[in-house]
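> Okay, sequence plus prediction incoming.
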Amino acid sequence: MMRIGVPREIVAGEARVAATPDTVKRFVGLDLAVCVESGAGLAAGCADADYAKVGATIVGSPAEAYACDLVLKIRAPEAQEIGYLRAGSVLFALADPWRNPLLEQYAASGIRLMALELPPRITRAQTMDVLSSQANVAGYGAVMLAAARYPRYFPLLMTAAGTVKAARVLVLGAGVAGLQAISAARRMGAMVEAFDVRAAAREQVESLGARFVAVDISAEGQGGYAKVLDESDMERLRAALLPKIAASDVVIATAQVPGKPAPKLVSAEAVAAMRFGSVLVDLAVGTGGNVEGAKQGETVTANGAVIIGESNMPARYAADASELFARNIFNFVAALTVNGRLDFGREPEIVGPATVCRDGELLFGRT
Amino acid sequence: MMRIGVPREIVAGEARVAATPDTVKRFVGLDLAVCVESGAGLAAGCADADYAKVGATIVGSPAEAYACDLVLKIRAPEAQEIGYLRAGSVLFALADPWRNPLLEQYAASGIRLMALELPPRITRAQTMDVLSSQANVAGYGAVMLAAARYPRYFPLLMTAAGTVKAARVLVLGAGVAGLQAISAARRMGAMVEAFDVRAAAREQVESLGARFVAVDISAEGQGGYAKVLDESDMERLRAALLPKIAASDVVIATAQVPGKPAPKLVSAEAVAAMRFGSVLVDLAVGTGGNVEGAKQGETVTANGAVIIGESNMPARYAADASELFARNIFNFVAALTVNGRLDFGREPEIVGPATVCRDGELLFGRT
Amino acid sequence: MEPWVVNVAIFVLAVFVGDHVIRGVTPALHTPLMSLTNALSGIIIVGALLEIASVEGGDLPLSAWLAALAALAAAINIFGGFLVTQRMLAMYKKRGER
Amino acid sequence: MEPWVVNVAIFVLAVFVGDHVIRGVTPALHTPLMSLTNALSGIIIVGALLEIASVEGGDLPLSAWLAALAALAAAINIFGGFLVTQRMLAMYKKRGER
Amino acid sequence: MPAAGSMAFLAYLGGAVLFILALKGLTTPATSRRGNWLGMIGMGVAVGTTLLVAQRPAWALLAVALAAGAVIGTGVARRVQMTQMPELVAAMHALVGLAAVLIAAAIVLRPHDAPTTAQRIELFLGAAIGAVTFSASVIAWAKLSAKLSGKPLAFAGQHWLNLLLALTVLGCGVTYWLTDSAPFFMAMVALATLLGILLIMPIGGADMPVVVSLLNSYSGWAAAGIGFSLDNPILIIAGACVGASGAILSMIMCRAMNRSLVSVLLGGFGAAQGEAATAAGASQRPVKSGSPEDALFLLKNAERVIVVPGYGLAVSRAQHALQEFAELLRAGGVDVKYAIHPVAGRMPGHMNVLLAEAEVPYDQVFEQEEINNDFAQTDVVIVLGANDVVNPAARNNPESPIYGMPILEAHRARTVIVVKRSMAAGYAGLDNDLFYLDKTMMVFGDAKKVIEEMVKNFH
Amino acid sequence: MPAAGSMAFLAYLGGAVLFILALKGLTTPATSRRGNWLGMIGMGVAVGTTLLVAQRPAWALLAVALAAGAVIGTGVARRVQMTQMPELVAAMHALVGLAAVLIAAAIVLRPHDAPTTAQRIELFLGAAIGAVTFSASVIAWAKLSAKLSGKPLAFAGQHWLNLLLALTVLGCGVTYWLTDSAPFFMAMVALATLLGILLIMPIGGADMPVVVSLLNSYSGWAAAGIGFSLDNPILIIAGACVGASGAILSMIMCRAMNRSLVSVLLGGFGAAQGEAATAAGASQRPVKSGSPEDALFLLKNAERVIVVPGYGLAVSRAQHALQEFAELLRAGGVDVKYAIHPVAGRMPGHMNVLLAEAEVPYDQVFEQEEINNDFAQTDVVIVLGANDVVNPAARNNPESPIYGMPILEAHRARTVIVVKRSMAAGYAGLDNDLFYLDKTMMVFGDAKKVIEEMVKNFH
Ligand SMILES: NC(=O)c1ccc[n+]([C@@H]2O[C@H](COP(=O)([O-])OP(=O)(O)OC[C@H]3O[C@@H](n4cnc5c(N)ncnc54)[C@H](OP(=O)(O)O)[C@@H]3O)[C@@H](O)[C@H]2O)c1
Ligand SMILES: NC(=O)c1ccc[n+]([C@@H]2O[C@H](COP(=O)([O-])OP(=O)(O)OC[C@H]3O[C@@H](n4cnc5c(N)ncnc54)[C@H](OP(=O)(O)O)[C@@H]3O)[C@@H](O)[C@H]2O)c1
Ligand SMILES: NC(=O)c1ccc[n+]([C@@H]2O[C@H](COP(=O)([O-])OP(=O)(O)OC[C@H]3O[C@@H](n4cnc5c(N)ncnc54)[C@H](O)[C@@H]3O)[C@@H](O)[C@H]2O)c1
Ligand SMILES: NC(=O)c1ccc[n+]([C@@H]2O[C@H](COP(=O)([O-])OP(=O)(O)OC[C@H]3O[C@@H](n4cnc5c(N)ncnc54)[C@H](O)[C@@H]3O)[C@@H](O)[C@H]2O)c1
């Protein structure tokens, strides 16, 4: 019987877990055995007892969890975890292959690493798409944090003590996170505008009832992604966005290009032009950030404005984020499982791009 | 020419200010002079320069601000401020007369203190009603804080990675704060239930699209307020609410009775019955709290649930809260101003109940 | 076949027409419509005229005078009815026409 | 006054009736309605019957045979038309009736 | 060429067709004025034809009768006030009834060509209906113009008395038919006149419009009856059309009032209705009330509309329907704005929350100070479940407990529509003068139901 | 007692009234079946009266003709398939046209009572219209039943040829009228038959329903013409009613197709339409399309309805209108549920956000797994701007790039209504078999406009 291991995440602030009692139950339903490291789900609200109840074995050490045939993690192993890897085992995790310095070591360990950010964004792969499910949480969470910090109301209210104006929210990058941010901010009554460099984004933004900020710069890339702009275009873009940003109360920045540094869309000058109490949330801070001055994992104040840099927003909403992540992995594994074994011949369209290394060989970046 | 003074608030965490550039401009329009203590509005986003621009004089010390004919404050003076009070001057502020130990000292100082929480809640007095405007901010803010802390989504979402259920929010006390909390939570997509002991609340709750929790205990008081329940009724009430609370993900507690301790509606047992990650916000913590275990100004964790005790929620949303508060005071003052002087013979229905002390005499509690 | 059966046929069909014609009238036009149908029922003047015209020459018999009175009544009705309808309808001009 | 003018009056009124009666028909009933009016136009059988009946006794002339053929055609139309309408309408039974 | 008789027949037919088209025109506002013109032309054709075919017209008499009729008719029609229209229409019906009776009497009394048996039935019917129409219309006119009290006048056994009278009328008529005896005819006319009076007395003022419409129908039937006697197609067609359409119109009007024709005719109901309207405990003053269709008509034909939402809109959760409706109006070229009073509803910003739920764009939503000056230039204000916030007592009446509170000045608009369930007071417990203004139409009902009704009837 | 002739006349009148009531009944589904019965009774009255008044009925002949007609008629009507209805109706029209021609010919040829001058006009009109109806209906039937190609058959100068032919028919008719010469009558009939064929050939298959309705109207006029010749009121009334209603119905149908009657009759347009439908680049397969009214009718009469929203609903921001509409349906007793596919829209939970904005209660919203089994028991599924998420290729076609993705099984419902603007593909760029199913009706248009149209027509 194939055994699945779920080690605890060790990166600071990573509250999510790659398998929840719900997915463990589903794995057990596929006749697979699951070993969960003790405390792995605690920060996401999943107690060891919950896992045990649905049939998981609780193991006391990471080594035991890594000793399984199939290992599920949120994040690919850190340097101190490399030692646990066992040749021939399979690991599903977010690997950040573009920036991860450990890829060679993973390959050398002989494991097969499936990077969850690499499957193509096609309709059929949606159920396994952690980028979508986590970006969705991030977009939602960004607005929640901003609203809690913003010292005014989001909605328009006409009261006996005067009228409070609705907050003006600007969303930069209308991918999954951006769209969800638009919808959350609109729900709360803000006036929302959004910008993206992909042409298809316009209709999508408008389908959520927000206004699209038109700048005649387009950067359509491949597979639904944007591409990197050259510096002169970026300069033009920043100049065009400046008055929009200055007129906004809240900026949610989500613009990213896979594997590339995030575009610096909001200059320090633009931040300074915002009024007292404005809030900026930079979700791209992990890849360089969209907002000048944003600091990874920190909240800084600049000129009366608050800049929240959070590259791991989903971890703040770890309970639901874990449910979704775990379900994505389950869907991926289930699609490849035949009679209790993984068959990587299935779904070549998805498996191909996702495989980072296999049989000691590093495949990522080969094409 | 009558002079109005606006001292800085000294209570920790009180970020609001009793006059904003907007209301200063209005006072100046009534031919009144305004002195603002330097830095008084900083935490609410009002710089000294903004005040100066609309005609205020910026003064360097509290003494100068208190030396005016009319003093506007958020909170009635603390012990160390008593010394500034000048006989014959008028002070508008929240005085918390039921619990404030300094009332005698105010009276002795010879000022006239108008307590902003005392005017009757009639239609005509609404424009001066800081309880309404600030409770409204509090209700909104409570939901924002809860949503930012709650480790799941508020809305229902059916996604490729599974369905996330909508958060169940329970609002206790459907006064102004409660109603605004209902509306904010509903906007964000939560399933909202609310409870109150006043019969009129049912229709009001339903008019916001939430479900009313019916418990056959009613405690209609005077002037639209509730009255205190005796201990056996409270026991019954807590028992009736327990399963509702246990089934909720977020509780916003706003139940209060003016001048009396807040009803303890949520027992520790009920908190323990909630699921991991649940959030409770207690807005009544300043008068004893609705939630057992809530700590004034603190966020505590109990059995995996988070209890946020915040009696000064408006200060977290100081910018808009100050605008509204200041406008209420302005409306109050303007209604009493005739030819640049205050005439306390006007609006006896409102002035009467609001006057705490006058000419060295303590009036509050005399009826 | 007697002539009255033909009249019955015409009558019956006219009833249908009257019924259908009125269905779906805007409530706001109820009063003008009533006023118009009132003017139209002034058609009874035709009867009066025919009756007057049917008398043999010479002195006018009582019946002619009665008929003339009827003609008078019907004429008031016709002129008054159409005019009043006109006035009422003037209130319903579409915007832009005022 | 000739008889045909009366016929014209009846005809004109009937046109109005036909017009009004059909206005506001649910689009879904277009086809059954067409089928019913088709059945109704089988009324032409009356013409055929009268023509057959008008021949003097004895051998039947060509005209009678033609009329009989017309009667046959019209009868098919009548029986077929009503029945088909019936069948179509059966599909539109309200819920609960099925 | 067809014979002269046929030509006349065809001309009459043409006139009748014009009449039909006229009635058809009056069903929609857009074609209504053309309809009236068609009616006039048809009348001209009919009268002209009659004059042409008349063998020995007593021209002088005719001219005098027509001229006098024209002068009187136009004179009255010109001078009458819009508010007196219903009474005028009632009076006119009396004239038609009178004319029918007179013509029938003329035929009965004429020295030549005594009427045939068949004609006698028709004469009897025409005269009897004409007489009832006449006397009933006179009473209706008197009630409407307050010459008589509008109160229903009921007494025990009145229905039996009426039945008896009607049977006697029938008896006289049948006797006349069989014996050709003029006195019986006259008796019949007299009794029918009495019957008309008795029939109308027990009906209350509120029901008069229905009764007038019904009398309209009667006058049509009377004309048709005379048409039978005279063998005249236009009388028959026009009479039958008027008769049928009047009857249907009465039914439509009853339905709009949620009444049955029978209950109207049996009388005594008008009083009950008056009570119902004030049952909610408010003052006894009269209000004008209308149906959602009436409101819709006013709104569609307005250029500028302001919507005033209040707590009642929230209670009925009508925001989505309202937004949908406003959008339909706007698509029809009407300028629609929302006016928000700062204390409308039960919590600060209640109305904003409500409208935001329905995604009403913020730029259509105005606060009191911004919009108060616009009311005077507004064609129609529709107040949806608001009360205190549009109470003019706050401005005008220093005695009022809300005196001094700024309100939304809905009363300054050209027309005001107020949608609420009853005459009940709002939060402050005050009666509201706005509801009793002449330019105000109350539409009673749940706000959501009323709006949905309007949406459904939007064409 | 009135004379026998009068009695017959009145009986015919009664029959005619029944016909009118029958037609009226057919305008709403609720009264439609009663309407059909009234028509049958009216027909019985008419035929019965005729048999009673006939002086020398050739009973044997009559009996044979009637019996044969009954047997054939019922036989055909029983056996025909629902999908063949339109062809059957077309064939029946041919019979009416034929009957009109035969009767006219019989009158012309009969040895006794040669027709009068007036009757000759009427005969000519009846026969000419009858002949055109006959031949045109035969061609329409052939086209509808695919015995002839549905393609319009156009050639240069066809309208001129038709005009020439029509003038010749008129000439022959006039000559017959003036000279009473049977050969000219026969020539006229022959030419009119030819004209009917030529008139119909250039009209495309898509327009056939309109043409059939128009022929229906013609057959009515033909009957009325014969009625004039025979001086028979029921023929006139029924003929005129059928003629007028058929004409109006054709116009209504044209309007629903957004076409003018003229463009239909001048032909050649049917082809253009076919192109338009597939212009968006999808396949050339035929789809069934309907109007919002058609959709409304189906939805109102359903017991269970499932709404499938997709990205197009969001694009048109139709959520509020949809909610309003669903509530109307629910108020009418229809069980309405929403089915949400996990990837519908363009972001996770897009449809939930949309429905929440319109305050659709959560308990009416079901996710795919919960609701997929319900589709088979659902009367009508309405797919609003969704495409990929209801594409059966994902289930059935291993070649499809979305094969394996679970979809909402809309295709298992009894009837499917799909609202979108064109035949264009969705996000995945795939054609969708659902649209081509026999039980699917496409309603083309912006989702919001279509829904608003349905709301407005909701009565
Ligand atoms: N904004 C706040 O913060 C706040 C807080 C507390 C109190 N207030 C007070 O509330 C009042 C607000 O004024 P308002 O004009 O909004 O409300 P209002 O004066 O209370 O009047 C609301 C009206 O809505 C009608 N209504 C109730 N349900 C309805 C339904 N389903 N459909 C149609 N109509 C319905 C009622 O008449 P029927 O019963 O005849 O239908 C009622 O007269 C002010 O007096 C204000 O001082 C405000
Ligand atoms: N959920 C996600 O997170 C996400 C993210 C990205 C992509 N996707 C993909 O998006 C697709 C979603 O499926 P879906 O069925 O919702 O959408 P879809 O397959 O993209 O189809 C939407 C349909 O709506 C129609 N439409 C557009 N505007 C309209 C309007 N105004 N009125 C009426 N119809 C309109 C379009 O047809 P016409 O042009 O003919 O009107 C189109 O075929 C899936 O393929 C999914 O993988 C999903
Ligand atoms: N097939 C599916 O069902 C499916 C599911 C989810 C997402 N997608 C698609 O995947 C694509 C990527 O989505 P994502 O959220 O992962 O994107 P992402 O996280 O890579 O980037 C976020 C957004 O930033 C934008 N961006 C990049 N550079 C920018 C710049 N200089 N200025 C402004 N905006 C800039 C991108 O266009 C993108 O919209 C989208 O096209 C989305 O529709 C498809
Ligand atoms: N005239 C006006 O326009 C106006 C404006 C604002 C408020 N008001 C009215 O003032 C009144 C007080 O509002 P508030 O928000 O200041 O009230 P509050 O802050 O005193 O109390 C909050 C709510 O808690 C409720 N409560 C008290 N004891 C409770 C218990 N044991 N269980 C559950 N709920 C309990 C109260 O009923 C009240 O609704 C309300 O009736 C409100 O409608 C009127």
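That came through, no problem. Ligands and ions are numbered 1, 2, ... in the order given.
> Where does chain A get nearest to chain D, residue-wise?
The minimum distance from chain A to chain D, using Cβ to the nearest Cβ, falls at A:S207 (30.8 Å). C-betas here are computed from N, CA, C, even on glycine.
> likewise chain C?
Closest contact between chain C and chain D, by Cβ to the nearest Cβ, is at C:H20 (3.2 Å).
> for the residue in the stretch 51-200 of chain A that ligand 2 sits nearest to, what are its contacts?
Closest residue of the stretch 51-200 of chain A to ligand 2, Cβ to the nearest ligand atom: A:T123 (3.3 Å). Residues near A:T123 by Cβ atoms under 8 Å, 6 or more residues apart in numbering or on different chains: F:343, F:388, F:401-402, F:405, F:427-428.
> can we see that at 6 Å?
F:388, F:402, F:428 (Cβ atoms under 6 Å, 6 or more residues apart in numbering or on different chains).
> List just the nearest of those to chain C.
The shortest approach to chain C among these belongs to F:D388, at 43.8 Å (Cβ to the nearest Cβ).
> so that closest one touches F:G426, yeah?
Yes - counting by Cβ atoms under 6 Å, F:D388 does reach F:G426; the two are 4.5 Å apart.
> returning to that earlier point: correct me, but the residue of chain A closest to chain D touches F:G312?
No - with contact defined as Cβ under 6 Å, A:S207 does not count as touching F:G312 (8.9 Å).
> Any figure for the gap between E:V360 and ligand 2?
To ligand 2, E:V360 is 21 Å away according to Cβ to the nearest ligand atom, to the nearest Å.
> E:A46 now?
Distance of E:A46 to ligand 2, given as Cβ to the nearest ligand atom: 55 Å.
> With E:P292 instead?
30 Å.
> what number of residues lie near that residue?
23 (other Cβ atoms under 10 Å in any protein chain shown).
> Not counting sequence-adjacent ones, nearest residue to it?
Closest residue to E:P292 apart from its sequence neighbours, by Cβ to Cβ, 6 or more residues apart in numbering or on different chains: E:E453 at 3.8 Å.
> So which residues make contact with whatever helix or strand the one you found lives in?
Applying DSSP states H and E as the criterion places E:E453 in helix E:447-456. Surrounding helix E:447-456, the residues in contact under the criterion Cβ under 6 Å, 6+ apart are E:292, E:296, E:312-313, E:316, E:318, E:321-322, E:324-325, E:384-385, E:419, E:443, F:458.
> out of these, which is most surrounded?
In the contacts of helix E:447-456, the most neighbours by other Cβ under 10 Å go to E:L313, 30 neighbours.
> okay, and for chain C, where does confidence drop off?
Low-confidence segments of chain C, defined by pLDDT under 70: C:1-4, C:24, C:26-28, C:56-58, C:91-98.
> again, only using 80
Where chain C drops to pLDDT under 80, the residues are C:1-7, C:18-31, C:53-61, C:88-98.
> repeat for chain A
For chain A, the ranges with pLDDT under 80 are A:223, A:365-367.
> What parts of it come near chain B?
Residues of chain A found near chain B (Cβ under 6 Å from any Cβ of the partner chain) are A:45, A:126-127, A:133, A:144-145, A:147-148, A:151-153, A:160-162, A:164, A:187-188, A:276-277, A:317-320, A:324, A:327-328.
> Narrow those to those in strands?
A:162, A:164 (DSSP state E).
> re earlier: now for the residue of chain C closest to chain D: which residues touch it?
The contact partners of C:H20, by Cβ under 6 Å, 6+ apart, come to D:H20.
> Which helix or strand contains it?
Going by DSSP H and E, C:H20 is in helix C:3-22.
> can you map out the helices along the stretch 151-300 of chain E?
Assigned by DSSP state H, counting those that start in this stretch, the helices in the stretch 151-300 of chain E fall at E:158-179, E:182-200, E:208-230, E:233-256, E:261-266, E:269-278, E:292-300.
> winner for burial among those helices?
helix E:208-230 (a mean of 29; mean count of other Cβ atoms under 10 Å in any protein chain shown).
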